[in-house]
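attaching a predicted model along with its sequence, questions to come.
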Amino acid sequence: MLREATFPKKLNTMKEDFMSRIKTELTSTFDELYGWFDVPGDKLYYSPQDGGWSIAKTLEHIALTNHYLLILIRKGTIKALEKSRNQSYRDLLSDYELDWDKLELIGQPGAFKWHRPEHMEPRGTASLEIVRTDIQSQIKECLDLLDQMKQGEGILYKTMMTVNGLGKIDVYHYICFLVQHAKRHIVQMQELENSLS
């Protein structure tokens with residue numbers, strides 16, 4: 001297994017940069033999301049006449065989507081760490097970049113057509129306290145998995161992501177996808193709240 005000391009200073013700085021950005025995006029996005037659990041009940045449960053989701057259902061959907069994304073992120077982390085024991089990835093890491101432009105589109109409602117699977121549809125029956133606890137646990141797990149891949153191992157395992165034609169993306173990109181998905185719905189909740197003012 002490659003040790004931190006085997007990487008030159010430039011590589012260490014690059015890793016710290018993208019790892020730091022992922023962690024910052026993850027924590028700041030979900031810190032903002034937690035505030036949505038505290039909106040007044042009349043706004044929290046209001047369902048738009050166009051058939052859109054209430055804020056409560058949107059929060060439930062985010063937790064459901066996180067759950068399924070984390071299955072892939074968890075598996076990807078295990079596989080990436082296994083590969084790192086037998087494969088040198090220093091050359092791959094030397095010019096590695098996260099595709100922020102492509103990922104940021106995921107966070108923009110209406111940027112492309114999105115067909116979500118039925119199992120990620122919220123039912124509207126979940127306790128919001130449980131949903132909040134689930135999301136907090138999910139974000140803690142994401143941070144823990146990032147810490148396990150702090151030497152850049154996450155670049156070694158890719159899985160297909162069909163949303164917006166992303167194709168095969170590595171574990172770090174999957175975590176960024178999870179963040180951008182939440183951002184997308186924060187914008188939608190803001191739009192719904194503004195329509196009620």
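Done, it's in.

centroid-nearest residue for the chain?
The centroid of the chain falls nearest to Leu178 when counting by C-alpha atoms, centre = their mean (1.6 Å).

show the contacting residues for it.
Leu178 sits next to Leu26, Thr65, Asn66, Leu69, Leu70, Ile73, Cys142 when contact means C-beta atoms under 8 Å, 6 or more residues apart in numbering. All C-beta atoms are positioned from the backbone trio N, CA, C, and that covers glycine.

so what does the longest helix along the chain touch, helix or strand wise?
Ranked by residue count, the top helix of the chain under DSSP state H comes out as helix 55-86. Packed against helix 55-86, as judged by 3 or more C-beta pairs under 8 Å, 6 or more residues apart in numbering; DSSP states H and E, are the following elements: helix 41-44, helix 128-148, strand 158-161, helix 171-195.

measure the residue nearest to the centre of the chain to Asp91 for me?
Leu178 sits 28 Å away from Asp91, going by C-beta to C-beta, to the nearest Å.

ok, now Pro40?
Using C-beta to C-beta, we find Pro40 at a distance of 54 Å from Asp91.

kindly report the same for Lys83.
14 Å.

before we move on, the earlier item: the longest helix of the chain - what's its average pLDDT?
The average pLDDT within helix 55-86 is 97.

now do the buried residues in that helix.
Neighbour-count burial for helix 55-86, counted by 16 or more other C-beta atoms under 10 Å, picks out 55-66, 69-70, 72-73, 76-77, 79-81, 84.

could you pull up the contacting residues of Leu70?
Gln138, Glu141, Cys142, Leu178.

between those residues, which is nearest Ser20?
Of all these, Ser20 sits closest to Cys142, with 14.3 Å by C-beta to C-beta.

you'd agree the closest one is up against Leu26?
Yes - at 5.9 Å, Cys142 and Leu26 qualify as touching, with contact defined as C-beta atoms under 8 Å.

now do the shared contacts for those two.
What both Cys142 and Leu26 touch, as defined by C-beta under 8 Å, 6+ apart, is the set Ile175, Leu178.

neighbour count winner among these two?
The residue with more neighbours, out of Cys142 and Leu26, is Cys142; 25 against 19, by other C-beta atoms under 10 Å.
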